[in-house]
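Trainee: This is a predicted model, with the sequence first.
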Amino acid sequence: METISIGATTRSPAIEFNFKNNSYVIKGESYPEDVTAFYGPLMEKLEAHVSGLKGATIGFRFELVYFNSSTAKILMRLFELLEAAATRSNQVVITWVYEEGDDNIKELAEEFAEELKKAKFVFEEVPV
């Protein structure tokens, strides 16, 4: 499958999905006008690809500085997909990057991480 690269806008994050390397990045702010229109096709392609993997290493990196509740629902669905992949003998590492002192984003990530049992969740604090 091809690589999907989408540049960030004022309302949507940059996306870099490299299906060949199983390396995925979502970076920026996420509050698109239509969350389903933005994330729907990405989720479909990701789900189709990841559901066929077994014994692979999957790296997903989140560098979100802000996201709305609609995006949070998409993220939950995404974490469920990654957790399911981890139960199929895939090594899944989720890296959540947050700015130093941004306790809100870190706490939201901690809530997401609590739901995961097989996928590894890594926190990475970066200086502002």
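Mentor: Perfect, I can see it now.

Trainee: what sits up against the top helix by length along the chain?
Mentor: Taking DSSP state H as the criterion, the chain has its longest helix at helix 69-86. By Cβ atoms under 8 Å, 6 or more residues apart in numbering, the list of residues contacting helix 69-86 from outside reads 30-32, 35, 39, 43, 46-47, 50-51, 53, 58, 60, 62, 67, 92, 94, 108, 112, 115-119. (Each C-beta comes from the backbone N, C-alpha and C, glycine too.)

Trainee: what about the helices in the chain?
Mentor: If you assign secondary structure with DSSP H, the helices in the chain sit at 35-50, 69-86, 103-114.

Trainee: want to try JSON lines for those helices, with mean pLDDT and mean neighbour count as columns?
Mentor: Conversion of these to JSON lines gives the following (pLDDT from 0 to 100; neighbours: other Cβ atoms under 10 Å):
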{"stretch": "helix 35-50", "mean pLDDT": "97", "mean neighbour count": "16"}
{"stretch": "helix 69-86", "mean pLDDT": "97", "mean neighbour count": "17"}
{"stretch": "helix 103-114", "mean pLDDT": "96", "mean neighbour count": "14"}
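
Trainee: any chance of the ones you listed in CSV, with distance to P127 too?
Mentor: Supplementary listing: the helices of the chain in CSV, determined by distance: least, Cβ to Cβ, whole Å:
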stretch, distance to P127
helix 35-50, 29
helix 69-86, 24
helix 103-114, 14
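
Trainee: and of those helices, who's closest to N22?
Mentor: N22 lies closest, by Cβ to Cβ, to one member of the helices of the chain: helix 35-50, at 8.1 Å.
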